[in-house]
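**Student:** Just to be clear, the model below is a prediction. Sequence and coordinates:
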Amino acid sequence: MWLLLAAAPGFGAEEKKKTDEPVQPMVTEAQHWPVKLFQVKYANVNQLANLFRAFGAIVQPSEDLKAISVRAPKEVLAAIEESLQRLDAPQAAAKNVQLESYLLTTSEQASPANTPGDLAPVIKQLKSVFNYQGFRLLGTLSWRGRDGKGGVVSGLLPPLYADSAEPTLYTFKANGVAISSEGKQPTVRIDGVGLTLDFWAKDGAMKHASISTSIDVPEGQKVVVGKANIGNADNALILVLTAKIIE
């Protein structure tokens with residue numbers, strides 16, 4: 001027996017009609033937001049873009065054009081524009097720092113003055129603290145670095161002992177310098193300042209002496225950083241620093 005099934009009237013036409021209808025794209029709220037182009041003069045456009053995305057905006061940066069396209073609600077655009085005026089500003093050039101180091105050696109016997117006159121107050125202070133009687137300027141070191149940076153210099157100095165012909169090897173380093181202008185007088189913070197000497201002792205053996213610390217040096221003042229013994233208790237190496245800020 002054969003059964004004939006009749007199609008429901010209008011079924012095919014309705015299905016065809018649904019298929020022929022164009023698909024309407026989904027409209028999101030963001031598509032109705034206004035778009036504004038911001039020109040950037042000084043700041044990094046990619047860093048700004050990441051910051052402005054925190055506002056919930058759609059941001060497209062262009063490094064080549066130094067511009068940022070922002071799609072966002074009007075109030076957000078206004079907030080971004082206000083922020084950009086504050087953030088897109090020229091950065092102050094980093095300052096340089098000049099460090100002058102004075103290396104003094106001491107002895108138990110008083111000796112004729114052979115130190116610069118401007119070190120007299122420092123030597124007077126040292127005599128009041130220690131029992132050293134004689135002071136000799138072994139040498140001076142100069143180091144220039146940039147605010148926020150560090151560096152190392154090395155070289156030769158005169159013999160540590162007057163009766164020696166062997167030069168003294170030195171290494172001077174600063175892990176970093178930072179300028180502070182909070183007080184009336186600018187101060188240079190020196191982190192990890194270190195001085196190392198390699199020298200030949202009177203017995204012909206190679207010896208080492210080192211001073212290492214972190215210190216604040218007011219600009220223009222001579223500051224005693226530290227000391228290291230280089231023989232008996234009456235013989236020491238003393239490091240004195242002064243700092244100058246160079247615009």
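**Tutor:** Structure's in. What do you need?

**Student:** give the contact list for the residue nearest the centre of the chain.
**Tutor:** Nearest to the geometric centre of the chain sits residue 148, at 3.1 Å (CA atoms, centre = their mean). Applying CB atoms under 8 Å, 6 or more residues apart in numbering to residue 148 gives the contacts 94, 176-178. C-betas here are computed from N, CA, C, even on glycine.

**Student:** So among those residues, which ones count as buried?
**Tutor:** Among the contacts of residue 148, those scoring as buried are 176-177 (criterion: 16 or more other CB atoms under 10 Å).

**Student:** Out of the contacts of residue 148, give me the two with the largest separation.
**Tutor:** 94 and 176 (12.4 Å; CB to CB).

**Student:** longest helix anywhere in the protein?
**Tutor:** helix 74-87 (DSSP state H).

**Student:** in it, what counts as buried?
**Tutor:** 76-77, 80, 84.

**Student:** how about residue 122, what does it touch?
**Tutor:** 102, 222, 224, 240.

**Student:** now the first one, nearest residue through space, not along the chain?
**Tutor:** What it means is residue 102. Distance criterion CB to CB, 6 or more residues apart in numbering; nearest residue to residue 102, sequence neighbours excluded, is residue 240 at 4.2 Å.

**Student:** Is the one you found in contact with residue 221, as I believe?
**Tutor:** No. Counting by CB atoms under 8 Å, residue 221 is not a contact partner of residue 240; they are 10.3 Å apart.

**Student:** Have a look at the two and say which one is more surrounded.
**Tutor:** Neighbour count, other CB atoms under 10 Å: between residue 240 and residue 221, residue 240 has more, with 20 against 13.

**Student:** So for the host helix or strand of the more buried one, mean pLDDT?
**Tutor:** In this assignment (DSSP states H and E), residue 240 forms part of strand 236-246. Strand 236-246 shows a mean pLDDT of 93.

**Student:** Stretch 123-141 too?
**Tutor:** Here stretch 123-141 scores 88 as its mean pLDDT.

**Student:** same question, stretch 92-106
**Tutor:** pLDDT averaged over stretch 92-106 gives 88.

**Student:** swap in stretch 45-56?
**Tutor:** 92.

**Student:** ok, and for it, which residues are buried?
**Tutor:** 45, 48-49, 52, 55.

**Student:** Would you reformat the residues you listed as a markdown table and include secondary structure and distance to residue 88?
**Tutor:** Converted to a markdown table, the buried residues of stretch 45-56 look like this (DSSP: H, G, I helix; E, B strand; the rest coil; distance: CB to CB, whole Å):
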| residue | secondary structure | distance to residue 88 |
| --- | --- | --- |
| 45 | helix | 10 |
| 48 | helix | 7 |
| 49 | helix | 13 |
| 52 | helix | 12 |
| 55 | helix | 16 |
